[in-house]
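In: sequence and predicted structure, then a few things I'm wondering about:
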Amino acid sequence: VKGDQLYGLSITKDHIRKSGIAVVVEGEFDLISSYQAGVTNVVAIKGSALTEAQIRLIKRFAERLVLALDKDVAGDAASRRGIELADQAGLEIRVVDIPSGKDPDEAARETTTRLPLLTSAIARFGTSEAFAKKKVSDEVLPQLSKIVNPIVQAHYVKLLATKLEINEEKVSEALKNIKPQLGFTKKTLAVAPTPRTHTELIEEMILALVIQAADPPAALNLVSEQIDPSDLTDGVIRRIFMSLIDYLSAHEKLDVNELARGLSPELMPTLDRVYLIDLAQAGAGKYWEQEIRRTTSLLKQDSLRRKISGLATEVTAAEKRSDEASLKELNTQLNTATTALKRLS
């Protein structure tokens, strides 16, 4: 099974055992180039996420794990889970930031960090705005809460505070509010949040793709080519979307903090949630545009299906009333909607 294998381990296991360190890269070509550059204690996971089986294999030969992954890959949800599994297995974890032209071994010696997600989170979100700092802290603090040793934990609290340019006491206060994740028991009485529908999730994703875009006005124009607020089913998302349209019609750039100040308090939890959606896998540039076109197409298809369903019901009612005038108009609308749906499907 692909997820159980480590590419190159049969060749590099002796080097890994001797050094006690396994340098993990993403793919076969990364491994080959690293090995040729002299990094012989290297394996490839053929993807972005470590599995339990791969971690067990690594632990047979090494106690220290160095992840030499792309920033986006190191920060995606699947990789975070792999890092947690490795930590639970007792492996010492380092993540390296590889500048252009440097091999993993050189980068590992110069830029390792015990807090795996900090470099990735800052690279993806930045630290210039309050919302960006919130996104970084929301991603990193749960990892800090799992560090048992108080001295080690205090060290990384100070590091995070320095990186975010905020008071260390504020980081400590936020850390205290992180609730430990406990296993499920029959005594758990917490009510699960209301699950959102597939359409609502798509709507949130579209809003996130606009708000988090490098060029929000351009992203909004792409969205508007396909849909308008009437296609949105979630009333809160619709109100935020309309406020965003109004804001960008009056401003050349998006200041999320300023946008937030103009929203009603009941809209803020949704804006926070949308702004914190991890879009690392959306890519950038043309890939971001492709993701916008893909998600807006899906939403438009959902909107057209709802419209077709409603029109079909009205057609049936008009037939029972023998209302020929209404029937003709409804059938015209039905054909138009059906044709549009076929074009998108």
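Out: Cool, the structure landed.
In: and the helix ranked longest in the chain, what does it pack onto?
Out: Criterion DSSP state H: the longest helix present in the chain is helix 286-321. Counting contacts by 3 or more Cβ pairs under 8 Å, 6 or more residues apart in numbering; DSSP states H and E, the secondary-structure elements packed against helix 286-321 are helix 198-211, helix 216-226, helix 324-344. The way it works is simple: take the backbone N, C-alpha and C, and place the C-beta from them, glycine included.
In: mean confidence for stretch 128-139?
Out: Per-residue pLDDT over stretch 128-139 has a mean of 83.
In: how about it: buried residues?
Out: Of the residues in stretch 128-139, those scored as buried under the neighbour-count criterion (16 or more other Cβ atoms under 10 Å) are F131, A132, K133, K134, K135, V136, S137, E139.
In: again with stretch 168-179
Out: Judged by neighbour count using 16+ other Cβ under 10 Å, the buried positions of stretch 168-179 are V171, S172, A174, L175.
In: that stretch: how far from the chain's middle?
Out: Once both centres are worked out by Cα atoms, centre = their mean, to the nearest Å, stretch 168-179 turns out to sit 23 Å from its chain's centre.
In: which residues of the stretch 51-200 of the chain score low on pLDDT?
Out: The model of the stretch 51-200 of the chain has pLDDT under 70 over residues 69-82, 95-120, 124, 146-149, 152, 179-196.
In: all strands of it, in order?
Out: Counting by DSSP state E, counting those that start in this stretch, residue ranges of the strands within the stretch 51-200 of the chain are 64-67, 92-96, 112-113.
In: the closest residue in space to N257 that isn't next to it in sequence and I151, how far apart?
Out: Among residues not flanking N257 along the chain, A130 sits closest, at 5.9 Å (Cβ to Cβ, 6 or more residues apart in numbering). Computed with Cβ to Cβ, to the nearest Å, the distance linking A130 and I151 is 30 Å.
In: and the end-to-end length of stretch 316-327?
Out: Taking Cα to Cα, to the nearest Å, stretch 316-327 runs 9 Å from one end to the other.
In: now do it, average pLDDT.
Out: Per-residue pLDDT values across stretch 316-327 average out to 91.
In: deepest-packed of the helices and strands packed on helix 286-321, please.
Out: helix 198-211 (a mean of 20; mean count of other Cβ atoms under 10 Å).
In: who does that helix touch, helix- and strand-wise?
Out: When contacts are defined as 3+ Cβ pairs under 8 Å, 6+ apart, helix 198-211 sits against helix 216-226, helix 235-250, helix 268-275, helix 286-321.
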